[in-house]
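Trainee: below are the sequence and a predicted model for it; my questions follow.
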Amino acid sequence: MSYTIIYDKQFIKVGDNQYIPMVLAGSNNCTETSPSGYQRRVRSWTPWFWGEGTILTMEMMLKIIEVRQQTIIESNNNREHDANWKEYKDANYGYWDSLAIGVANTRITSFAKYQGIIKTGCRKALTIEQLKVCNVHINIKTPYVWDGLEKVTGLKPYTRVPNTTEEFFEMYETMVEYLKGTEYTQPLITFGYMSDNKVTQLRKKYFPQVKQTKKLVTLPESYVIVVSSGGERLGQFIKFGRYGSITYHYNGGGKHYVTEVEANRRLKVCERKRGGDITWRVEKIEREREFLVTA
């Protein structure tokens, strides 16, 4: 099955609650050669909701995906009597929309994760001026046309590069006016000099993580998540592997949690990712154990 993978995001802030939602995405069944020479799935930076508009508010983007979600639900409900019908679940939204976020598996891409892409993207959006400091620029381009823009419309393709947000709006409006009278009315926005590791550099510069001091403590009890299948105990949960596989320890090991609240929070994630004959429960372990906790 062909689907789209979102690898990363870097929204551009062009006003109060005004964003260009740029994402690094590509098809799962096409490959390219990476800058380091390895074969990988193809990916490129593109405005995510380009069909609905270039500049959007967070509320508009959330509404777009909610409408898409309802369309999927209604379409699925209309096929309820089909032999291979399955009930829609938000936990595996990606399966229904042919979308994976950060992983090559649509079934563990939830609707909440999709919403999170938008909310976090807006919260950590950068202005054109901030991007320029790190040598990333914005291209405003005439749209790509398969047979060639000049051949189809008589217009010559060109690109403008704004240095400020003010220049962006001036150049964007000029491009819109240039394209008037054609069916290609929306300019294309792309990044310039946005390498694979550039987003990481941007986040370290503008959103540095505060290092937390931790200390070693001994606690009289801890909590684990017990994994069962078909009513039979498998072991104590450690982590999810690639493609949603479960890693667990048969006796005494597994991931231990300091508090029951923390364990239950993780339990809900486990239940969203894997259901069916797999069941989960939190179990208290009354035995001393050392933990590294935030001071």
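Mentor: On my side now, so go ahead. Predicted model, so just to flag it, every value in this text is computed and none were measured.

Trainee: next one: the spatially closest residue to Ile278 that is not a sequence neighbour, what pLDDT does it get?
Mentor: Closest residue in space to Ile278, ignoring its immediate chain neighbours: Ser229 at 5.6 Å, by C-beta to C-beta, 6 or more residues apart in numbering. Bear in mind the C-beta positions are built from the backbone N, C-alpha and C, glycine included. Per-residue confidence for Ser229 comes out at a pLDDT of 90.

Trainee: what's the local residue count around Tyr248?
Mentor: By the other C-beta atoms under 10 Å criterion, the neighbourhood of Tyr248 contains 18 residues.

Trainee: that one against Gly241, yeah?
Mentor: No - Tyr248 lies out of contact with Gly241 (C-beta atoms under 8 Å); the separation is 10.5 Å.

Trainee: the helix or strand that contains Ile138 pairs with which strands?
Mentor: Secondary structure here is read from DSSP states H and E; on that basis Ile138 sits in strand 137-141. Partner strands and pairing direction for strand 137-141 (DSSP bridges) are strand 159-160 (antiparallel), strand 188-192 (antiparallel).

Trainee: give me the distance from the worst-scoring helix or strand of the chain on mean pLDDT to the chain's centre.
Mentor: Within the chain, confidence by mean pLDDT, DSSP states H and E is lowest for strand 246-249 among all helices and strands, at a mean of 85. Taking C-alpha atoms, centre = their mean, to the nearest Å, one finds the center of strand 246-249 at 26 Å from the center of the full chain.

Trainee: pull out the buried positions in it.
Mentor: Neighbour-count burial for strand 246-249 flags Ile246, Tyr248 (criterion: 16 or more other C-beta atoms under 10 Å).

Trainee: same check on stretch 138-154?
Mentor: Of the residues in stretch 138-154, Ile138, Ile140, Lys141, Thr142, Pro143, Val145, Leu149, Thr153 count as buried by neighbour count, 16+ other C-beta under 10 Å.

Trainee: number of residues surrounding the residue nearest to Ile278?
Mentor: Using other C-beta under 10 Å, Ser229 is surrounded by 13 other residues.

Trainee: where's it relative to Ile108, distance?
Mentor: Ser229 sits at a distance of 18 Å from Ile108 (criterion: C-beta to C-beta, to the nearest Å).

Trainee: likewise for Thr279?
Mentor: Distance, Thr279 to Ile108, by C-beta to C-beta: 18 Å.

Trainee: where does the stretch 151-295 of the chain dip in pLDDT?
Mentor: Residue ranges of the stretch 151-295 of the chain with pLDDT under 70: 243.

Trainee: circling back to that earlier point, go through the strands paired with strand 137-141 and pick out the most buried.
Mentor: strand 188-192 (a mean of 18; mean count of other C-beta atoms under 10 Å).
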